[in-house]
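**Student:** Predicted coordinates and the sequence they were generated for:
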Amino acid sequence: MTTVATPDKPRKKGKAPRLSMLRNIGIIAHIDAGKTTVSERVLYYTGRTRSIGETHDGASVMDHLEEERERGITITSAATSATWGEYTINIIDTPGHVDFTAEVERSLRVLDGAVGVFDGVAGVEAQSETVWRQANKYEVPRIAFVNKLDRTGADFNHCLETITSRLGVHPVPIMLPIGLEADYVGNVDLLDMKARVFGLGDDDTAFEVQEIPANMVEAATLARHEMIEAACMMDDDLLERFLDDEGSITRDEIVAALRKGTIEGKLLLVLCGAALRNKGVQALIDAVCAYLPSPLDRPEVHGHDQHGEPAMRKAEDSEPFSALAFKTVHDPNGDLTFCRVYSGTAEQGQQVYNTRANKKERFGRIYRMHAASREPMEKCEAGDIVAIIGLKDTNTGDTLSAIDHKITLESVDFPEPVISMSIEPSSKGDREKLSHVLAVLAKEDPTFTWFTDVATSETIIAGMGELHLEILRHRITRDFKVGATCGKPRVAYRQTLGREVEINARHVKQTGGSGQFAVAKLRFVPTPEQAEFEFDDQIKGGSIPREYIPSINRGIVEQAVKGAQYPFPFVGFRAELLDGKAHDVDSSEMAFQACGRLSFRMASDNNYQFLEPIMKIEVLVPEEYLGDAIGDLNSRRTQIAEITDRLNVKVITGRVPIAEMFNYSSRLRSLTAGRGTYSMEPDGYEAVPSSVADDIRKEVEELKKAQGK
């Protein structure tokens, strides 16, 4: 038996290339799986913090906002940096609640790797699937950490099964837990075939390396065989040797093959522990360094130059500078713009080029962030994740590049808001401040929008859910100290055309002097299978001069976004321009734009269908409350897909209109004596039933009447 008082001492920094020793990772998971707890332990063990901040005590470093500490959840992604031996690890801790999915989206866009944290009791949960799809979208290599194995009901094998069935990947454990629940005492390292038994109490800084318990030798031997087989599938030479003599394959060869499979996204290595009890975290940090990629392991970033030609940048300091702005945080002393540097270097005071805004920007101060605190830097280099003060015209998704080597990188996609509510300032002074504050919040959060309803003159704020809007309202009134009252939440309905229709639109006006003349014949076709609007120019023979055709398109889009009889944007249709007429003197771009607006108003007159946002829902309830929970969901127009067992609870999955889910959390608590939980995620739009359409029309008319319209 070998007693180890502390983990292997980190090696002193040597001459290894900086980029090869850099890891840019995110921590992703379902809400309450333990992401922030894992992050806090990583900071502690790497020496970044001297004490462990607990999420449940409101004292975590990463959850630094007042709202986060009060609620005990992560709302915004927080960045920090730590060192582990020769390695530098940049970490972004992301939210797990669906309302803040944009924070996960923009973080994964700029990361090289991720750690998926799973609840050892529940396994893969609804939001786990969402963040996994987001990571798939950006092809981010991942490893998995099965957390909370000390909890009652923990089941490591069940978690592996849900990873296979719900994520569609084959998990490869590189360690096995010794015991579960209250008997969870350590892990078996399948690489070295040794048991690491944790210290007494809650302290994992002292552990003992022992022989594998006799009752686990057979299972560990089989698991190691399967791990080596998975590794050898990554290398033909290793596979041939594996078939001849498994024992000839060295530890270093196994590690290299597992790393290759992880980086290529073909293997998901699985570790385990109980982060709250400080167990298994050091091995996780080792795995991050050993298996997740450095910037050098990731493909070159691609974009296009100022001429629209393909361009690329390598992760090298010698390349021209390029960076992507992925987050903006308001600060009275100057907004912080978070950037991932992909190539080149930039110093404090240096000018760069914003390719979207077509403007030069100057770097003020450059910081390495540690949650809310800042560490000044003289310059940023390829691979760095930094925050910059002084960028005036840079928003989320903008590319910053060298002035003489411009490039535009792929931006970040964000979902559309699904819920809105009115907001009314309390006084004239508050009215003057409100617009400024809303603009600040919209710059920070791409899933938050605001606008003035033309029909009612109300200011409307829109976001991803009730919690999202509630937190934004608190920020407006508490953080920015703007007096305001909010109306009831409303659903962000959309519309589509009910049927195909041909329109002859004539915009002809003569008021003395030059008039306005524009005639266009269009066919409008519903395309419910795709959300985007298409414009198809089918004119032959030049009946409308080419320079006027884009104006028709703009007019249609302008009217479709605004709505027609009802103030909901139209989606899912195609406009085919068939014919038209122009006048040598009276035709203009303005006239044809007005003709485009008119054509769509005519096409949508009594020819519309309301669409409502649909959510995927997962509800967990004890079996004795199953009937009541199902009855309530049925009353909310839920399409229940299946009811399954998950340990000691029933799991109801299905699809439900978000309009029916207001105040559902309090209703579920009431029905289940506080023991039920649920999660949702957006799942597209569907046509509303006729009875609901009548209610929508009535609600809009009553609102107009109340506003004196």
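**Tutor:** Arrived safely. Residues are numbered from 1 along each chain as shown.

**Student:** which element follows the worst-scoring helix or strand of the chain on mean pLDDT toward the C-terminus?
**Tutor:** Within the chain, confidence by mean pLDDT, DSSP states H and E is lowest for strand 2-4 among all helices and strands, at a mean of 36. From strand 2-4 onward toward the C-terminus, using DSSP states H and E, the following helix or strand is strand 22-29.

**Student:** so what does that following strand touch, helix or strand wise?
**Tutor:** helix 35-45, strand 87-93, helix 101-110, strand 113-119, helix 126-137, helix 281-291 (3 or more Cβ pairs under 8 Å, 6 or more residues apart in numbering; DSSP states H and E). Yep, even glycine has a C-beta here, placed from its N, CA and C like the rest.

**Student:** Serialize these to a markdown table and add fields for mean neighbour count.
**Tutor:** Below are these laid out as a markdown table (neighbours: other Cβ atoms under 10 Å):
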| stretch | mean neighbour count |
| --- | --- |
| helix 35-45 | 26 |
| strand 87-93 | 25 |
| helix 101-110 | 25 |
| strand 113-119 | 26 |
| helix 126-137 | 20 |
| helix 281-291 | 21 |
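
**Student:** Among these, which comes closest to residue 468?
**Tutor:** helix 101-110 (9.4 Å; Cβ to Cβ).

**Student:** from the middle of its chain, how far away would the closest one be?
**Tutor:** 4 Å (Cα atoms, centre = their mean, to the nearest Å).

**Student:** Kindly format the C-alpha coordinates of it as PDB.
**Tutor:** C-alpha atoms of helix 101-110 as PDB (Å, rounded to 0.1, in the frame of the first residue of the first chain):
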ATOM      1  CA  THR A 101     -28.900  28.600 -23.300                       C
ATOM      2  CA  ALA A 102     -27.300  31.500 -25.200                       C
ATOM      3  CA  GLU A 103     -24.500  31.600 -22.600                       C
ATOM      4  CA  VAL A 104     -23.700  28.000 -23.400                       C
ATOM      5  CA  GLU A 105     -24.000  28.600 -27.200                       C
ATOM      6  CA  ARG A 106     -21.500  31.500 -27.300                       C
ATOM      7  CA  SER A 107     -19.100  29.800 -24.900                       C
ATOM      8  CA  LEU A 108     -19.000  26.500 -26.900                       C
ATOM      9  CA  ARG A 109     -18.400  28.600 -30.100                       C
ATOM     10  CA  VAL A 110     -14.900  29.600 -28.800                       C
END
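
**Student:** outside of it, which residues touch it?
**Tutor:** 24, 26, 28, 75-77, 92, 94-95, 114, 130-131, 134-135, 137-138, 140, 324, 326-327, 340, 385, 396-397, 412-415, 445-447, 464, 681 (Cβ atoms under 8 Å, 6 or more residues apart in numbering).

**Student:** Assess the claim that residue 338 and residue 79 are in contact.
**Tutor:** Yes: between residue 338 and residue 79 there is a contact at 6.7 Å, judged by Cβ atoms under 8 Å.

**Student:** Okay, now the unreliable bits of this structure?
**Tutor:** 1-16, 50-77, 96-99, 200-206, 454-456, 511-513, 647, 706-709 (pLDDT under 70).

**Student:** circling back to that earlier point, joint contacts of residue 338 and residue 79?
**Tutor:** 369, 385, 387.

**Student:** from these, which single one is nearest residue 534?
**Tutor:** Closest approach between the shared contacts of residue 338 and residue 79 and residue 534, by Cβ to Cβ: residue 385, at 38.3 Å.

**Student:** On the strand side of things, show who the closest one bridges to.
**Tutor:** On the basis of DSSP bridges, residue 385 is bridged to residue 340.

**Student:** give the contact list for it.
**Tutor:** So residue 385 contacts 24, 79, 81, 90, 92, 110, 338-341, 369 (Cβ under 8 Å, 6+ apart).

**Student:** Residue 393 too?
**Tutor:** Residues near residue 393 by Cβ under 8 Å, 6+ apart: 354, 357, 359, 361.

**Student:** Make JSON lines out of those and add distance to residue 468.
**Tutor:** As requested, the contacts of residue 393 are exported to JSON lines (distance: Cβ to Cβ, whole Å):
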{"residue": "354", "distance to residue 468": "28"}
{"residue": "357", "distance to residue 468": "27"}
{"residue": "359", "distance to residue 468": "31"}
{"residue": "361", "distance to residue 468": "30"}
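
**Student:** what would the residues you listed look like in TSV with neighbour count?
**Tutor:** Listed next are the contacts of residue 393 as TSV, based on neighbours: other Cβ under 10 Å:
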residue	neighbour count
354	21
357	14
359	12
361	22
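
**Student:** That concludes my questions; thank you for your assistance.
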